[in-house]
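quick one: sequence and predicted model below, then my questions.
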Amino acid sequence: MSLLSYPAKFITGSDGRVLVEFVDLPRVATDGKDEREAMEEAIDALGSDLSIRLSRREEIPTPSPVKRGQRRVPVPLWLAPKLALYLAMREQRVSNSALARRLGVDERVIRRMLDPRHATRPEKIQAALAVLGKQMSVEVRDAA
C-alpha cells in the first residue's frame, strides 16, 4: 500500500503564524495564520510542487516515516490518482506507449492521464492502475 502523504514540521512563530516545512521536499514551505489555514496552504504547496515534478517527469521523493513533532500532509485529491499512476509506471518501468497498448488506447490518452492540468475521469486512472496490478481506494477516517 502506498500512502500519498508527506511529513512536515508545523512551527508556530512568535507572531502566532504557523510555518510548514516539508521533511522530504526542502524547497517547499508555506505558512498560515493558524493550524487550519497552515494545513490548507501545505496541501496546496505540496500539490504545486508534485504537479511540477510530474509535468517534468522528475523523480518523486518517497515520503519518509513521520517522526515526533511532525504531521502528515496529504497529496491533494485532484493530483493523488495521477501521482499514483505515475509512480506505478516508474516502479514497473512501463512506458506511456506500453501502457497504452495494454489498455487498447492511443498513447496521447496516457499523456493526458499523467498531465496535472488535464481533468481525467478517476475511472480511467483506476483502469490503468488495475492493468498495472494496483487498486486505488479512498479512505475516510476520524481526524486525529
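In hand now; what should we look at? A quick note: this is a predicted structure, and the numbers were derived from the prediction, not measured. Numbers count the residues shown, from 1 in each chain.

starting at the chain centroid, how far to the helix or strand where Leu50 lies?
Counting by DSSP states H and E, the secondary-structure element that holds Leu50 is helix 35-55. For helix 35-55, the distance from its own C-alpha centre to the chain's C-alpha centre is 9 Å (C-alpha atoms, centre = their mean, to the nearest Å).

tell me the mean pLDDT for that helix?
With pLDDT averaged residue by residue, helix 35-55 scores 96.

domain map for the protein?
When the chain is parsed into structural domains using automatic domain parsing, the resulting residue ranges are 5-74, 80-131.

show me which residues of the helix holding Leu50 are buried.
Along helix 35-55, the positions that meet the burial threshold by neighbour count (16 or more other C-beta atoms under 10 Å) are 38-39, 41-43, 45-47, 49-51, 53-54. From N, CA and C alone the C-beta is placed, and that goes for glycine too.

what's the single longest strand in this structure?
Residue-count comparison of every strand in the chain, with assignments taken from DSSP state E, identifies strand 5-12 as the longest.

ok, then the element right after that one?
That would be, after strand 5-12 and using DSSP H and E, strand 18-22.

how near is the most centrally placed residue in the chain to Glu40?
In the chain, the C-alpha closest to the average C-alpha coordinate belongs to Val75, at a distance of 3.9 Å (C-alpha atoms, centre = their mean). Counting by C-beta to C-beta, to the nearest Å, the gap between Val75 and Glu40 amounts to 14 Å.

quick check: beta-bridge partners of the closest residue to Thr12 other than its chain neighbours?
Closest residue to Thr12 in three dimensions, ignoring its sequence neighbours and counting by C-beta to C-beta, 6 or more residues apart in numbering: Val18, at 5.3 Å. Counting by DSSP bridges, Val18 forms beta bridges with Thr12, Gly32.

I'm done for today, thanks for sticking with me.
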